[in-house]
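> Output the structure for:
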Amino acid sequence: MRRIHRTRRDWAADLALFLFAACFAAVSSQSIPIPEDLDPVWRDADQVAGGLGCAAVLLRRRWPVSLAVTLLLAGTQAHYLTGPAMVAVFTVAATRPWRVTAWVAALAFAPLPVFLWQMAELPESRADSALTYFALIAGAIGWGLFRRSRQQLIASLRERAELAEADAELRAEWVRRETREEIAREMHDVLGHRLSLLSVHAGALEFNPGAPGEEIARAAGVIRESAHLALRDLREVIGVLRAGPEEGERPQPELADLARLVEEARATGGRIELTGPPEGLAPPPVVGRTAYRIVQEALTNARKHAPGAAVAVEVTGGPAGGLAVEVRNAPPPGPAPVSGAGGNGNAGGNGGGGAGQGLIGLAERARLAGGELTAGPADGGFRVHASLPWPAPDIASVAGRG
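This next block holds a predicted model:
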């Protein structure tokens, strides 16, 4: 047997409907047309049946359809079951599917055609009582259908609210993940370049301890300066993370900063040739920053995976035509195969773990800026090429303000 769990609210509703059925039977008892020649035993049995019908209302949650059918059939013989029958058909209409409600309603109104056919021959009191009965049953069914529709609407709104909340949580998680990835890319870009300079000079001191004092002093100065700049950049990134978005972001590099980046790399002994960028024109900030990061990562990978190789950096393009960034390194000296600017291998003595992650980050940066990036071996070395959008001046100005 299926156990029905009732809350306090359910018990209150059931008791209220029980009292309604009992009060309705008591109030309407004076207006029910009962034959005067009815045997007192049947009269008492009729009243007992009415009382049992009111008590049976408490079973409406467990057997709503069976209770409604029983009360409707018994109501054709008993005179005090109208109240319980109203509660029963209301429960069916409010809790059961449309088809079940239709069958119960059909049973309730089955005597109506016969009544209408014989209405002219019935006494006026009997006809009025019958019309009132059918009107009350129709009202109970209609009220139950209204309550059912309202409950379905509330359930639908609650489900939508839950879905909206779940969607908001997913969006928040997506934003957190994007933020973590952005932080990881920023940390990689900021520290990778500085630490690669440290690695190059520290390696030179390790493998050439007998170098002249001037060279050792210069290398130590570069190491000290690179460590200082790395700590400064790290403090800036951490400061932005601790500060809220209302306090602004750390200054981001632009395309015009490429010359300074190349000079820093040349100071470590790198053979780097820079062509461009176009003078007098500035692309949108996101495009310039992306181009800078691509060149920075490519130079870092060239130092790690192709030490001593000549590197050519070329930045061309203009408004409406797009910005093209290409970093190409020649075959490195020595027999060991390396991957160079792309960083897809780990052959160089300075190559660290996690090879290829920087290249994946560059491709993602280019995609977020609306462009694309390709990388691969070329003429014994490695080539990184990125195509970035550069809108016309009127659009670029809007993008720059955004």
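> which intervals of the stretch 251-400 of the chain have sub-threshold pLDDT?
Applying pLDDT under 70 to the stretch 251-400 of the chain flags residues 251, 333-358, 393-400.
> Would you map the strands across it?
For the stretch 251-400 of the chain, strands defined by DSSP state E, counting those that start in this stretch occupy the ranges 272-275, 311-318, 322-329, 372-378, 381-388.
> got the buried residues for the second one?
It stands for strand 311-318. For strand 311-318, the neighbour count (16 or more other C-beta atoms under 10 Å) marks V311, A312, V313, E314, V315, G317 as buried. Just so you know, the C-beta spots here come from the backbone N, C-alpha and C atoms, and that holds for glycine as well.
> Could you dump those into a markdown table and include distance to L198?
As requested, the buried residues of strand 311-318 are exported to a markdown table (distance: C-beta to C-beta, whole Å):
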| residue | distance to L198 |
| --- | --- |
| V311 | 19 |
| A312 | 24 |
| V313 | 22 |
| E314 | 27 |
| V315 | 26 |
| G317 | 33 |
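> which stretch of helix or strand covers the residue nearest to L73 when sequence neighbours are not counted?
With sequence-adjacent residues excluded and distances taken as C-beta to C-beta, 6 or more residues apart in numbering, L73 is closest to L107, at 7.9 Å. Using DSSP states H and E, L107 sits in helix 98-108.
> if we can go back for a sec, which among the buried residues of strand 311-318 gets closest to G203?
V311 (17.8 Å; C-beta to C-beta).
> Quick check, the closest one in contact with V295.
No: contact criterion C-beta atoms under 8 Å: V311 and V295 do not qualify, at 9.7 Å.
> and the helix or strand where A26 lies, how far from the chain's centre?
For A26, the host element (DSSP H and E) is helix 8-28. In terms of C-alpha atoms, centre = their mean, to the nearest Å, the centre of helix 8-28 is found 47 Å from the chain centre.
> and A78, how many neighbours does it have?
21 (other C-beta atoms under 10 Å).
> Distance check, the closest residue to it other than its chain neighbours against A298.
Spatially, and ignoring its direct neighbours in sequence, A78 is nearest to A49 (4.5 Å; C-beta to C-beta, 6+ apart). As defined by C-beta to C-beta, to the nearest Å, A49 lies at a distance of 94 Å from A298.
> can you pull out the helices in this structure?
All helices of the chain, identified by DSSP state H, fall at 8-28, 40-56, 64-74, 82-95, 98-108, 112-118, 124-207, 213-242, 258-267, 285-305, 357-368, 393-401.
> For the fourth one, which helices and strands make contact with it?
Think helix 82-95. helix 8-28, helix 40-56, helix 64-74, helix 98-108, helix 124-207 (3 or more C-beta pairs under 8 Å, 6 or more residues apart in numbering; DSSP states H and E).
> Check the average confidence over it, would you?
For helix 82-95, the mean pLDDT works out to 87.
> ok so, going back, tell me which residues in the helix holding A26 are buried?
Result for helix 8-28 [16+ other C-beta under 10 Å]: buried residues D14, L17, F18, F20, A21, A22, F24, A25, S28.
> May I see the residues you listed arranged in a markdown table, with distance to I223 and pLDDT as well?
Below are the buried residues of helix 8-28 laid out as a markdown table (distance: C-beta to C-beta, whole Å; pLDDT from 0 to 100):
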| residue | distance to I223 | pLDDT |
| --- | --- | --- |
| D14 | 84 | 79 |
| L17 | 87 | 86 |
| F18 | 90 | 85 |
| F20 | 91 | 83 |
| A21 | 93 | 81 |
| A22 | 96 | 82 |
| F24 | 96 | 79 |
| A25 | 100 | 77 |
| S28 | 102 | 74 |
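> Just name the closest of those to V69, please.
Distances from V69 to these, taken by C-beta to C-beta, are shortest for A21, at 16.7 Å.
> Not counting its neighbours along the chain, what's nearest that closest one?
Nearest to A21 is G83, by C-beta to C-beta, 6+ apart, at 3.7 Å.
> can you redo the strands of the stretch 251-400 of the chain as JSON lines with distance to L71?
Below are the strands of the stretch 251-400 of the chain laid out as JSON lines (distance: least, C-beta to C-beta, whole Å):
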{"stretch": "strand 272-275", "distance to L71": "94"}
{"stretch": "strand 311-318", "distance to L71": "85"}
{"stretch": "strand 322-329", "distance to L71": "81"}
{"stretch": "strand 372-378", "distance to L71": "75"}
{"stretch": "strand 381-388", "distance to L71": "78"}
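> With E169 as the reference, name the closest of those.
strand 372-378 (32.7 Å).
> what about W98, how many neighbours?
Around W98 there are 10 residues (other C-beta under 10 Å).
> Could you measure from it over to E215?
In terms of C-beta to C-beta, W98 sits 92 Å off from E215.
> likewise D233?
In terms of C-beta to C-beta, D233 sits 27 Å off from E215.
> who has more neighbours, those two?
For D233 versus E215, the count of surrounding residues by other C-beta under 10 Å is larger for D233: 18 against 13.
> how near is the spatially most central residue of the chain to R367?
Nearest residue to the geometric centre of the chain (C-alpha atoms, centre = their mean): L170, 2.8 Å. Distance, L170 to R367, by C-beta to C-beta: 22 Å.
> ok, now how distant is G50 from L67?
For G50 relative to L67 (C-beta to C-beta), the value is 15 Å.
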